[in-house]
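**Student:** predicted model follows, preceded by the sequence.
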Amino acid sequence: MEEYETSRGKTWLWVLLFALGIGLLLAAFSILTGMIKYVFSLLALYLIFQFFKRVEKLWARITVILLGLLFYFLAVLVYTAIQFISENPPPMA
């Protein structure tokens, strides 16, 4: 149908790129404060709708949601680890 569904490898590439974008936008939503955080939430929804409009395969839709959640958790974990290390530097021996 669309250029996103020409081959399985290309579909996997788009799944990974969209999932990474969705995960990072959701991480920004959960980390930031103020009204700007809702912009990131709406952008994540927009990416999901764009992906669902372009790719009609059920496996790709389920995979993009699951990988988006995985990338979200990884981004928040990395952010939390960096924040913890910056606030609690290791003792100099």
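**Tutor:** That came through fine. As the structure is a prediction and not an experimental result, all values here were calculated from the model.

**Student:** and Arg8, how many neighbours?
**Tutor:** 11 (other CB atoms under 10 Å). Placement of C-beta: from N, CA and C, glycine included.

**Student:** for it, what are its contacts?
**Tutor:** Residues near Arg8 by CB atoms under 8 Å, 6 or more residues apart in numbering: none.

**Student:** give me that answer again for 10 Å
**Tutor:** Arg8 makes contact with Lys57, Trp59, Ala60, according to CB atoms under 10 Å, 6 or more residues apart in numbering.

**Student:** now, which of the residues you listed lie within helices?
**Tutor:** Counting by DSSP state H, the part of the contacts of Arg8 found in helices is Trp59, Ala60.

**Student:** out of the contacts of Arg8, grab the one that's most surrounded.
**Tutor:** Ala60 (21 neighbours).

**Student:** in this structure that one contacts Phe51, no?
**Tutor:** Yes - with contact defined as CB atoms under 10 Å, Ala60 and Phe51 form a contacting pair (8.0 Å).

**Student:** please, which helix or strand holds the one residue sitting closest to the centre of the chain?
**Tutor:** The centroid of the chain falls nearest to Gly23 when counting by CA atoms, centre = their mean (1.4 Å). For Gly23, the element it lies in under DSSP states H and E is helix 8-31.

**Student:** buried ones in that helix?
**Tutor:** 11, 14-15, 18-29 (16 or more other CB atoms under 10 Å).

**Student:** same question, stretch 67-74
**Tutor:** Neighbour-count burial for stretch 67-74 flags Leu67, Gly68, Phe71, Tyr72 (criterion: 16+ other CB under 10 Å).

**Student:** tell me where this protein is predicted with low confidence.
**Tutor:** 1-6 (pLDDT under 70).

**Student:** relative to its centre, which residue of it is most distant?
**Tutor:** The C-alpha centroid of the chain is most remote from Ala93, which lies 39.0 Å away (CA atoms, centre = their mean).

**Student:** for it, what are its contacts?
**Tutor:** Listed by CB under 10 Å, 6+ apart, Ala93 has no contact partners.

**Student:** ok, the contacts of Arg8 vs Leu47, which is closest?
**Tutor:** Closest approach to Leu47 among those (CB to CB): Ala60, at 13.8 Å.
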